[in-house]
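with the input below, show me the fold.
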Amino acid sequence: MYRPPRPAPLSALASLIRAVSSGDGNLLNLLPGAAYEMEIGPLGWSRRSTLIVNRPDLVREVLIDEKGIFPKSDLMVNALDALIGNSIFVSSGETWRRQRAMVDPSLTMMRINRAFPDMQAGVAETLKSLSTLAAQDESFSLDLMMSHLTADIICRTVFSTGVSERVTHEVFEAFTLFEKSVAQVEIFRLVIEKAFTKTPQKPHVLEACRVIRKAIGELLDTHSGEGGKDYDDIAAALMLARDESDHGFTREELIDQLGVMFLAGHETSASALTWVFYILSQQPECVKRIRDEVDALCGEGPISFEQSKKLVFTRNVFRETIRLYPPITFLPRVAMEDTKLGSKRVKRGALVIVAPWVLHRHKSYWRDPDVFDPDRFSSERENDIVSNAYIPFGLGPRICSGAAFASVEAVLIIASLIRAFDIKTIEPEKVTPAARLTTRPTQQIMCRVRARV
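Next up, the predicted model:
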């Protein structure tokens with residue numbers, strides 16, 4: 001009955017005081033204990049009406065949004081504007097439909113059978129790095145290691161090239177600063193500001209966005225000019241995309257769309273895998289089960305795509321980890337008109353929040369919701385999972401298009417690294433989760449590694 005770290009559930013007032021006094025923008029501290037039991041209701045006190053929606057049928061109604069009442073919230077749109085502009089991740093209505101029609105054809109290049117060799121190449125480089133760290137007995141940041149690995153894989157897939165550790169480190173540091181400092185996750189602002197208030201970003205947040213966009217722009221520019229004709233990848237396909245009026249994306253719009261793919265394709269996966277390896281460092285029985293499964297199915301050779309599909313327990317470890325630590329903690333929407341959800345009246349401008357973190361730990365839908373139990377996803381128990389109560393990749397038309405990619409990537413990475421190495425967390429008792437835009441540890445998790453004995 002292993003319970004990985006989470007903030008203690010408190011009353012609404014105590015949670016508010018904790019969140020404001022901590023001053024670190026950790027939105028998990030704002031969640032009252034009652035949030036894990038209610039179907040729909042207010043999320044504490046704020047000047048702006050804020051509702052959390054946990055009832056699965058209402059979750060589906062909000063996220064599918066057939067009437068267009070609940071677009072991405074203005075808070076999220078404004079927070080991400082300097083980073084990814086009005087891209088497919090935040091746009092709505094006709095703009096979103098135009099972008100989706102232009103982007104979708106390029107995403108066929110994320111087919112697993114095409115992308116799997118890129119995943120294998122990225123894993124091979126990481127295994128070399130871990131061998132060096134093991135030989136030298138050096139500590140390393142698990143967060144940064146996973147960020148580099150997943151960034152390398154997504155760059156190979158999108159741009160046909162790997163990414164240097166220097167660039168990964170710059171982007172990692174910039175995104176960490178962005179998440180911690182972006183104005184829209186400041187607890188005080190969430191509590192006191194009116195709906196649709198546009199808050200300017202601080203200069204250092206804008207600089208962090210510039211660093212990330214510059215890195216993506218440099219990758220994009222490798223596809224320009226005569227040399228660009230040789231590429232057959234997602235970036236090249238996106239550069240050729242046209243809408244019904246035969247208009248393509250401008251360079252800045254390409255950086256917007258590629259920024260979504262780059263950040264969604266590596267930041268969320270890196271977050272999930274950081275939690276996977278932290279949990280496994282505390283669960284030797286799970287490590288043994290993974291190794292037994294991988295040894296029996298794959299032996300000592302490279303893990304093939306067909307073999308990876310049969311690593312059922314390894315996949316269930318990943319599924320259970322993203323239940324407890326969903327990469328995107330909150331899916332905020334805004335009510336664009338007065339409406340109702342179930343019997344609950346919702347005012348125009350209200351924040352309507354579907355929180356995978358809460359939904360995945362809700363006492364009505366999960367037995368022992370805070371316990372790490374990969375076997376809840378076994379074939380014998382999978383029917384116990386309530387429909388629409390498990391949404392780590394979202395739901396509806398905006399469901400993550402890279403969900404299959406991320407799942408296969410994670411299984412390959414977990415199987416490959418756990419088969420070869422023992423990973424030990426330094427000071428595991430100090431690890432705590434934080435939620436801003438993604439679910440990450442409050443501080444980087446430092447580890448040591450040694451070859452499997």
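
now Gly162: closest residue in space, sequence neighbours ignored.
Excluding the flanking residues, the one nearest Gly162 by CB to CB, 6 or more residues apart in numbering is Asp152, at 5.0 Å. From N, CA and C alone the C-beta is placed, and that goes for glycine too.

what about that neighbour, neighbour count?
Here the number of neighbours of Asp152 (other CB atoms under 10 Å) works out to 25.

surely Thr176 is in a helix?
Yes. Assignment of Thr176 by DSSP: H, G, I helix; E, B strand; the rest coil places it within a helix.

SS state for the nearest residue to it once chain neighbours are set aside?
Nearest residue to Thr176, sequence neighbours excluded (CB to CB, 6+ apart): Arg440, at 8.0 Å. Using three-state DSSP, the three-state assignment for Arg440 comes out as strand.

and Arg440, how many neighbours does it have?
Using other CB under 10 Å, the number of residues around Arg440 comes to 26.

could you check how far it is from Pro433?
7 Å (CB to CB, to the nearest Å).

could you tell me which helix of the chain is the longest one?
Scanning the chain for the helix with the most residues, using DSSP state H, yields helix 251-281.

just the mean pLDDT for the following helix or strand past that one, thanks.
Downstream of helix 251-281, the first helix or strand assigned by DSSP states H and E is helix 284-298. What helix 284-298 shows for mean pLDDT is 97.

for helix 284-298, enumerate the helices and strands it packs against.
Judged by 3 or more CB pairs under 8 Å, 6 or more residues apart in numbering; DSSP states H and E, helix 284-298 is in contact with helix 251-281, helix 312-324, helix 403-420.

now with 6 Å, please.
The contact analysis (3 or more CB pairs under 6 Å, 6 or more residues apart in numbering; DSSP states H and E) places helix 284-298 against helix 312-324, helix 403-420.

need those in TSV (columns: distance to Ser181).
Putting the helices and strands packed on helix 284-298 into TSV (distance: least, CB to CB, whole Å) gives the following:
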stretch	distance to Ser181
helix 312-324	26
helix 403-420	27
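
show me the one of those that comes nearest Leu258.
Comparison of those against Leu258 by CB to CB identifies helix 403-420 as nearest, at 15.6 Å.

just the angle for that closest one relative to helix 312-324, thanks.
Put simply, helix 403-420 runs at 120 degrees to helix 312-324, going by axes from the mean of the first three to the mean of the last three CA atoms, to 10 degrees.

now helix 403-420: how far from the chain's centre is it?
A distance of 15 Å separates the centroid of the chain from that of helix 403-420, by CA atoms, centre = their mean, to the nearest Å.

hey, C-alpha coordinates of it in PDB?
The C-alpha trace of helix 403-420 is given here as PDB (Å, rounded to 0.1, in the frame of the first residue of the first chain):
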ATOM      1  CA  ALA A 403      -1.400   9.900 -26.600                       C
ATOM      2  CA  ALA A 404      -0.400   6.700 -28.400                       C
ATOM      3  CA  PHE A 405       3.100   8.100 -29.200                       C
ATOM      4  CA  ALA A 406       3.600   9.000 -25.500                       C
ATOM      5  CA  SER A 407       2.400   5.600 -24.200                       C
ATOM      6  CA  VAL A 408       4.700   3.600 -26.600                       C
ATOM      7  CA  GLU A 409       7.600   5.900 -25.900                       C
ATOM      8  CA  ALA A 410       7.100   5.600 -22.100                       C
ATOM      9  CA  VAL A 411       7.000   1.800 -22.200                       C
ATOM     10  CA  LEU A 412      10.200   1.600 -24.300                       C
ATOM     11  CA  ILE A 413      12.000   4.000 -22.000                       C
ATOM     12  CA  ILE A 414      10.900   2.300 -18.700                       C
ATOM     13  CA  ALA A 415      11.700  -1.200 -20.000                       C
ATOM     14  CA  SER A 416      15.100  -0.200 -21.400                       C
ATOM     15  CA  LEU A 417      16.300   1.700 -18.400                       C
ATOM     16  CA  ILE A 418      14.900  -0.500 -15.700                       C
ATOM     17  CA  ARG A 419      16.300  -3.600 -17.400                       C
ATOM     18  CA  ALA A 420      19.800  -2.100 -17.400                       C
END
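
all good on my end, thank you.
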